[in-house]
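1. Can you look at this prediction? I've put the sequence above it.
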Amino acid sequence: MHSGGEEFFVLEGEFGDEHHSYPAGTYVRNPIGTSHTPTVGEQGCLILVKLHQFAADDQAQIVIDTNRSKWSPGLVPGLTVLGLHEYEGEHVALVRWAPETVFNPHKHWGGEEVFVIEGVFHDEHGEYPAGSWIRSPHLSEHTPYTRSEGALIYVKVGHLSE
Ligand SMILES: [Fe+2]
Ligand SMILES: [Fe+2]
């Protein structure tokens with residue numbers, strides 16, 4: 001039972017339950033009050049999971065296979081974006097960064113969380129290889145970029161209050 005909601009992204013292998021199977025690259029949201037019985041095959045799996053972080057009235061149940069989704073151009077050349085969810089001020093997306101891409105300097109209204117899925121993500125504060133998690137509070141600022149590796153990131157903005 002998800003008393004506070006559950007959001008996950010399958011990084012490796014295949015996750016499953018009585019409703020679906022979720023191969024690597026699947027994004028799922030199970031809102032407050034839902035329940036399931038997870039199952040995993042012989043190959044196992046690795047998931048990024050966030051619990052107890054749903055707005056009380058965000059009842060969208062979502063399953064997205066990002067391997068089969070249509071991506072859109074981002075705000076600057078070199079970025080492609082796949083929107084995963086929006087609710088009030090919260091936005092969740094995957095963003096693919098081509099090598100040597102530089103984004104605009106910006107401030108995070110409502111904060112930003114990033115999980116680096118592939119490649120290496122950078123900003124003026126550090127270097128973040130695949131597997132890194134970055135949590136930047138309300139009104140933090142940075143100018144992110146990539147070098148020769150490029151990057152694929154999960155990003156959520158607008159959910160961290162003052
Ligand atoms: Fe669950
Ligand atoms: Fe940012």
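-> That came through fine. These numbers were taken from a predicted model, which means no experiment stands behind them. Ligands and ions are numbered 1, 2, ... in the order given.

2. Y22 reaches E12, doesn't it?
-> No: here Y22 does not reach E12: they are 11.7 Å apart, not a contact under CB atoms under 8 Å. Using the backbone N, CA and C atoms, a C-beta is placed for each residue, glycine as well.

3. neighbour count winner among the two?
-> Neighbour totals were compared for Y22 and E12, and Y22 leads with 22 against 13 (other CB atoms under 10 Å).

4. Check for me that the more buried one belongs to a strand.
-> Yes: under DSSP: H, G, I helix; E, B strand; the rest coil, Y22 sits within a strand.

5. residue contacts, it?
-> 10, 14-16, 28, 63 (CB atoms under 8 Å, 6 or more residues apart in numbering).

6. same thing with E88?
-> E88 is in contact with 55, 58, 158, counting by CB under 8 Å, 6+ apart.

7. Any figure for the gap between it and S161?
-> To S161, E88 is 11 Å away according to CB to CB, to the nearest Å.

8. Strands of the protein, start to end?
-> Per DSSP state E, the chain carries strands over the ranges 6-16, 21-23, 26-30, 39-51, 62-65, 72-73, 79-87, 90-97, 106-107, 112-123, 126-129, 133-136, 141-142, 151-157.

9. Might you list the low-confidence residue ranges for this protein?
-> Filtered on pLDDT under 70, the chain yields the residue ranges 162.

10. Perfect, I'm done here.
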